[in-house]
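Q: sequence-free structure coming up:
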């Protein structure tokens, strides 16, 4: 399923590096005391160079400085730098101080996500990712909770939290944020940590739909789903075969509506907190590698009553899990970053998601099966003009 979403054709507005420069001037407030003068490099110089360096694979602040020096001719097309570029420490101090909300607004505006898709039915995958490089001796790694749209492979918003349990509050904040922006018709998917009554109620109250994993944190509900599977396991309605990470995968999909009535008809007792259970979805996955076979069964609670939509959105969520977060670590080596400041983690991650979005555009540009994210990134590293080719 991943390739289907990777190569999606979008109708987003054509952009250029000059557009990025212009939008930085609009969205990003300079955190420095500019009234005192003595500002050698305008804010747009620092932010644009940093974003482009990250898109091309620079990991450290020193690497950003070295990238700017090695491509000074390219950057002089947009700024009057001559032979001088900001230092590594200047990037760190400025990017640590810039509002992450402004960076998200810059991302959204650059990829034309502000107004033209609000009324469409969209899938939003909420997922958390550990930034393992931020772990310290007596503190856990920071978690980034992102709202990603699989239709455009684009970031909607995100928050950084210290503890895993805080992801629930970040999820609620993301739901409120998307409602304030004006999204009309969303399907929100998430892991088992988000399978909470208050979260599902908030989504339904806004007129949206949800699909969440069921695991041990909702033990009684999970037991009901397992009993339902035993009854319907020969009545799957959809099946697909894929190859994933060197394994052949055969999936069967099950979907049951009106769970309360179904439980009564089949003498399934349930005395949990969820008074009305709309639908249960089940995915049976059979993995085959080197003649070894294993079976995994996943359970979901969902407000989606259409079984085809259940398949569409649950597989779209896997795309975000298996590609966006995986690509952040395998293409952009985010886990190697030793950044610890929460705001800087946010801004750095947003810049990397600029890169993922443009890598997707690069796949569409070449439309070749053997093109990969790392190859696209390396092409941009060797010649940053390729960024303009992909985004235009």
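A: The structure has been received and is ready for your questions. Just so it is clear, the structure is predicted and the values come from calculations on it, not from any experiment.
Q: what sits against residue 163?
A: Residue 163 makes contact with 140, 143 under the criterion Cβ atoms under 8 Å, 6 or more residues apart in numbering. Quick note: C-beta positions are derived from backbone N, CA and C, even for glycine.
Q: mind checking how far it is from residue 141?
A: Between residue 163 and residue 141 the distance, using Cβ to Cβ, to the nearest Å, works out to 10 Å.
Q: Could you do residue 279 as well?
A: When Cβ to Cβ is the yardstick, residue 279 and residue 141 sit 35 Å from each other.
Q: mind showing which ranges of the chain have poor pLDDT?
A: Counting by pLDDT under 70, the chain contains low-confidence ranges at 1-13, 35-37, 113-119, 164-165, 243-246.
Q: Beyond the biggest helix by length in it, next helix or strand please.
A: The helix that spans the most residues within the chain, counting by DSSP state H, is helix 342-366. Counting by DSSP states H and E, the next helix or strand C-terminal to helix 342-366 is helix 373-382.
Q: which other helices and strands contact that next one?
A: In terms of contacts (3 or more Cβ pairs under 8 Å, 6 or more residues apart in numbering; DSSP states H and E), helix 373-382 is packed against helix 325-330, helix 342-366, helix 385-391.
Q: Mind doing that once more with 6 Å?
A: Contact partners of helix 373-382 among helices and strands, from 3 or more Cβ pairs under 6 Å, 6 or more residues apart in numbering; DSSP states H and E: helix 342-366, helix 385-391.
Q: Now render those helices as a markdown table, adding mean neighbour count and distance to residue 191.
A: Written out in a markdown table, the entries for the helices and strands packed on helix 373-382 read as follows (neighbours: other Cβ atoms under 10 Å; distance: least, Cβ to Cβ, whole Å):
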| stretch | mean neighbour count | distance to residue 191 |
| --- | --- | --- |
| helix 342-366 | 22 | 18 |
| helix 385-391 | 19 | 31 |
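Q: can you put the ones you listed in CSV and add distance to residue 294?
A: Formatted as CSV, the entries for the helices and strands packed on helix 373-382 read as follows, by distance: least, Cβ to Cβ, whole Å:
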stretch, distance to residue 294
helix 342-366, 30
helix 385-391, 39
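Q: Residue 15: what's it in contact with?
A: For residue 15, the contacting residues are residue 391, by Cβ atoms under 6 Å, 6 or more residues apart in numbering.
Q: again, 7 Å this time
A: Contact analysis of residue 15 by Cβ atoms under 7 Å, 6 or more residues apart in numbering lists 110, 391-392.
Q: With residue 159 instead?
A: Shown here is residue 159, whose contacts under the criterion Cβ under 7 Å, 6+ apart are 145, 170, 173.
Q: Please report which of those residues has the highest neighbour count.
A: With neighbours taken as other Cβ atoms under 10 Å, the top of the contacts of residue 159 is residue 145, carrying 24 neighbours.
Q: What are the boundaries of the helices in the stretch 101-250 of the chain?
A: Counting by DSSP state H, counting those that start in this stretch, one finds helices in the stretch 101-250 of the chain at the ranges 167-181, 197-205, 219-232.
Q: Need the phi and psi values for residue 255.
A: The phi/psi pair for residue 255 (degrees, to the nearest 10) reads phi -150, psi 130.
Q: quick one: it from residue 204, how far?
A: 18 Å.
Q: The two: which is more packed in?
A: Shown here are residue 255 and residue 204; by other Cβ under 10 Å, residue 255 has more neighbours (25 against 13).
Q: Grab the nearest non-local neighbour of that one.
A: Nearest-residue entry for residue 255: residue 307, 3.8 Å, with adjacent residues in sequence omitted and distances by Cβ to Cβ, 6 or more residues apart in numbering.
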